[in-house]
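Undergrad: need coordinates for the below:
(one chain, ligands or ions: 1)
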Amino acid sequence: MRVGIIVTEWNNHITDKLLQGAVEELSTHGVREQNISINHVPGSFELVYAARQMERFEYVNAIIVIGCVIRGDTPHFDYICQGVTQGIAELNARCDTPIIFGLLTVNSEEQATERAGGKLGNKGKEFAVTAIKMAALAWKYQK
Ligand code: DLZ
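TA: This next block holds a predicted model:
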């Protein structure tokens with residue numbers, strides 16, 4: 001199994017931990033390190049384009065996009081969250097490769113930390129398990 005991961009530089013103190021959790025979980029389930037392709041993008045808004053390019057040009061069985069958007073004082077939060085959510089949903093409806101939505105949308109730094117290896121665990125591990133399950137589903141329906 002080959003898994004692509006796209007991860008943001010924005011809030012990298014959080015996204016690096018999610019990435020680490022995802023990679024560890026994938027290797028626990030037998031995905032080899034050389035079969036995990038990792039790409040970085042500046043921010044969450046860029047995840048959709050990168051996922052589309054990866055879907056088109058790289059052979060992977062599932063793609064995980066990882067980002068973290070923290071609510072601020074401007075409407076930017078809502079625009080980014082909406083853009084990424086809609087963009088990834090549209091790609092999933094159109095493409096053959098499942099794309100896993102690993103975007104934390106949180107109100108505070110504290111909420112992000114809790115989900116990136118803190119008291120609520122590491123969501124990166126959940127993204128990895130979802131990727132494996134969806135890759136298996138995609139394999140089942142391959143024509
Ligand atoms: C501009 C911006 C802001 C305000 N906040 C975040 C954030 O919390 N998380 C994130 O991943 N990216 C943020 N960005 C950057 C945008 O996603 C994007 O990179 C820029 O608008 C350039 O397209």
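
Undergrad: quick one: the strands in this protein?
TA: Here the chain has its strands, by DSSP state E, at 3-8, 36-41, 62-70, 99-106, 116-118, 121-122.

Undergrad: kindly state the pLDDT recorded for residue 119?
TA: Model confidence at residue 119, given as pLDDT, is 97.

Undergrad: that one and the ligand: what is the separation?
TA: Look at residue 119 and the ligand: by Cβ to the nearest ligand atom, to the nearest Å, they are 22 Å apart. Bear in mind the C-beta positions are built from the backbone N, C-alpha and C, glycine included.

Undergrad: count of residues packed around that residue?
TA: Neighbours of residue 119 under the rule other Cβ atoms under 10 Å: 7.

Undergrad: now it. Its backbone dihedrals?
TA: Backbone geometry at residue 119, expressed as degrees, to the nearest 10, gives phi -70, psi -20.

Undergrad: hang on, the earlier thing: CSV for the strands of the chain, including mean neighbour count?
TA: Putting the strands of the chain into CSV (neighbours: other Cβ atoms under 10 Å) gives the following:
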stretch, mean neighbour count
strand 3-8, 25
strand 36-41, 16
strand 62-70, 27
strand 99-106, 23
strand 116-118, 19
strand 121-122, 16
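
Undergrad: closest one to residue 80 among the ones you listed?
TA: Checking these against residue 80 by Cβ to Cβ gives strand 62-70 as the closest, at 5.2 Å.

Undergrad: pLDDT score for the residue nearest to residue 117 when sequence neighbours are not counted?
TA: Counting by Cβ to Cβ, 6 or more residues apart in numbering, residue 117 lies nearest to residue 17, which is 4.8 Å off, once chain neighbours are set aside. As predicted, residue 17 sits at a pLDDT of 98.

Undergrad: mind putting the strands of the chain in TSV, distance to residue 141 included?
TA: Compiled in TSV, the strands of the chain are given as follows (distance: least, Cβ to Cβ, whole Å):
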stretch	distance to residue 141
strand 3-8	18
strand 36-41	23
strand 62-70	13
strand 99-106	16
strand 116-118	33
strand 121-122	30
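
Undergrad: good, wrapping up.
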